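*Asks:* What shape does this take:
(one chain, ligands or ions: 2)
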Amino acid sequence: MALYRADLHIHTALSPCAGEEMTPPLIVAAALKAGLQLIAVTDHNSAGNVAAVQEAARNTGLIVLAGLEVQTREDVHLVCLFDTAEEALKWQAEVYRHLPAGENREDYFGLQLLLDAAGREIGREKRLLLASIGLGVEEVAREIMKRGGLCLPAHVDRPSYSLLANLGIVPPGMPVVAMELGLLSPAAARKKFPTVANWPLVAASDAHYLNDIGRRITEYELEVVNITALSHALQQQQFKVMLDAGRNKFR
Ligand SMILES: [Zn+2]
Ligand SMILES: [Zn+2]
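*Replies:* Ligands and ions are numbered 1, 2, ... in the order given. A predicted model of the protein is given here:
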């Protein structure tokens, strides 16, 4: 078993609300500087820059999981993680099918930059990514499980775009193994939201800017780094939210 300091919720410049500085090489450099060994790229409703970040991380020792942050029919954010960029892109195709038609308005929402491993622009995603797809939270979670991925309700302790803010409870039988916190420490979250008291609770930065990377770190105890091992570690509570690491902003 080895310990991996991880931040499993990082946006790139593909997310219109993220900084244009969020390029593959700069994200990798910032993650290494923050002492991370494991990150996940999780853009809004898209996995278009995952492979580029993975390529930028090659031979650096940093492991990059493939992901996206889906916005469900209920405006709830769910982080969806996969072993490979190919699997993430397959899920992205399904997400795109359920996105409302409509183009991004760069002047209003921001740019949606597709980048290569060196950080050069290779295109722009035209469709509007900041939108809710037609699938509900349970449908998405079930589908991710079926596809061998890991679904983590994102920043459940935030007052918007979260499972607890929008639904008030964790739907009974919700097929997930853990929840992600965006503001609170696990102890504070358990006190404030009794509905998650018995759930494994991890923390991640939800970085939209380079400075955010690693501000909330969870250390996982893993035999190998893959979705199966990560799910197992979550269920077995083989992880620790690092309350005193980096620029943590826990409340
Ligand atoms: Zn979110
Ligand atoms: Zn996010």
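*Asks:* Doesn't residue 5 lie inside a strand?
*Replies:* Yes: membership of residue 5 in a strand is supported by DSSP: H, G, I helix; E, B strand; the rest coil.
*Asks:* per-residue pLDDT, residue 243?
*Replies:* On pLDDT, residue 243 comes in at 88.
*Asks:* Would you check that residue 163 makes contact with residue 181?
*Replies:* No: at 11.4 Å, residue 163 does not count as touching residue 181 under the criterion of C-beta atoms under 8 Å. Yep, even glycine has a C-beta here, placed from its N, CA and C like the rest.
*Asks:* What are the buried residues along stretch 25-34?
*Replies:* 25, 26, 27, 28, 29, 30, 31, 32, 34 (16 or more other C-beta atoms under 10 Å).
*Asks:* picking up where we left off before, which residues do residue 163 and residue 181 both contact?
*Replies:* residue 156 (C-beta atoms under 8 Å, 6 or more residues apart in numbering).
*Asks:* Quick one: classify the residue of the chain positioned farthest from its centre as helix, strand or coil.
*Replies:* Computed with C-alpha atoms, centre = their mean, the residue of the chain farthest from its C-alpha average is residue 107, at 25.3 Å. At residue 107 the chain is in helix, as set by three-state DSSP.
*Asks:* so which of the buried residues of stretch 25-34 comes closest to ligand 1?
*Replies:* Nearest to ligand 1, judged by C-beta to the ion, of these is residue 27 at 17.1 Å.
*Asks:* So which bits of the stretch 1-150 of the chain are right by ligand 1?
*Replies:* The interface of the stretch 1-150 of the chain toward ligand 1, taken as C-beta under 5 Å from the ion, is made up of residue 77.
*Asks:* Show me where the stretch 51-200 of the chain has its helices.
*Replies:* 85-97, 106-109, 137-146, 163-167, 186-192 (DSSP state H, counting those that start in this stretch).
*Asks:* Could you list the residues in contact with the second one?
*Replies:* Under the criterion C-beta under 8 Å, 6+ apart, residues 16, 17, 112, 124, 128, 130 lie in contact with helix 106-109.
*Asks:* follow-up on the earlier one: the helices of the stretch 51-200 of the chain into CSV, with extra columns for mean pLDDT?
*Replies:* Formatted as CSV, the helices of the stretch 51-200 of the chain follow (pLDDT from 0 to 100):
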stretch, mean pLDDT
helix 85-97, 98
helix 106-109, 92
helix 137-146, 98
helix 163-167, 96
helix 186-192, 97
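*Asks:* my guess is residue 148 meets residue 231, correct?
*Replies:* No: contact criterion C-beta under 8 Å: residue 148 and residue 231 do not qualify, at 9.7 Å.
*Asks:* Compare the two (neighbour count), which wins?
*Replies:* residue 231 (19 against 14; other C-beta atoms under 10 Å).
*Asks:* I'd like to know how far the more buried one sits from ligand 2.
*Replies:* 20 Å (C-beta to the ion, to the nearest Å).
*Asks:* Residue 200 is in contact with that residue, correct?
*Replies:* No: if you go by C-beta under 8 Å, residue 231 and residue 200 don't touch, sitting 10.2 Å apart.
*Asks:* okay, and the common contacts of the two?
*Replies:* In contact with both residue 231 and residue 200: residue 177, using C-beta under 8 Å, 6+ apart.
*Asks:* Show only the entries of the buried residues of stretch 25-34 found in helices.
*Replies:* 25, 26, 27, 28, 29, 30, 31, 32 (DSSP state H).
*Asks:* Just name the closest of those residues to residue 58, please.
*Replies:* Here the nearest of those to residue 58, counting by C-beta to C-beta, is residue 28; it sits at 9.3 Å.
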